[in-house]
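S.K.: Fold the following and give me the result.
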Amino acid sequence: MDMQCIAMIDVANEFETLVDDNNQDVTRYKDLENEVSVSTHINPVLGKQFPTSVFDKEGASLKLTRILINTFLDLESYAMKFLESNEKILAVYPVGPLINFNDMGDANETFKSANKELNQRSSLPNHSIIFLCFGNLGYFCGYQVKEIAHAIEHTGCRFLWSS
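M.R.: Next comes the predicted model:
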């Protein structure tokens, strides 16, 4: 369940769709300035960076019975392998990316062009491209976007900016 779709948990439960069997009080991390080790992440995360819904003791996220993740094993193998090996977590289903290439019209040509570009980039040395992705909660004013773009351009590095 996407954190933006909390309102749909009741519907997901009807379909019997990860049980939170840890029953841990995570509210103690709410304003934590220190890093917290999260088993599905390679690097620690600041406690205050968790989504606010995680800290709601009676929140909808505690009603989840399964999780669908918009990813695939090759993309996030570290997290997926942990989730698959953890007996306390029920099934986690990677379902992404879902793309219908046959019914894309002009978008299919755009995708083919982008795919060609990505294949060219994949032949570059490791760590030679800056990847920017701010997720679906990323929001910037026009001047902030210009500052980020100017800074990246100033570095002279290759970059991939995903929205």
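S.K.: okay, CA-based contacts and neighbour counts for the rest of this
M.R.: Will do.
S.K.: Domain map for this protein?
M.R.: 3-94, 122-163 (automatic domain parsing).
S.K.: What is the neighbour count of Val92?
M.R.: 16 (other Cα atoms under 10 Å).
S.K.: er, Ile152 actually
M.R.: 14.
S.K.: next one: the one 4 residues further on
M.R.: Counted with other Cα under 10 Å, the neighbours of Gly156 add up to 8.
S.K.: same deal with Leu68?
M.R.: 15.
S.K.: which intervals of the protein have sub-threshold pLDDT?
M.R.: Residue ranges of the chain with pLDDT under 70: 1-34, 36, 38-41, 47-67, 88-91, 96-122, 124, 126-127, 135-138, 162-163.
S.K.: switch the cut-off to 50
M.R.: 1-2, 4, 15-23 (pLDDT under 50).
S.K.: give me the element Asp74 is part of.
M.R.: Following DSSP states H and E, there is no helix or strand that holds Asp74.
S.K.: neighbours of it, just the number please.
M.R.: Quick note: Asp74 (other Cα under 10 Å) scores 8 neighbours.
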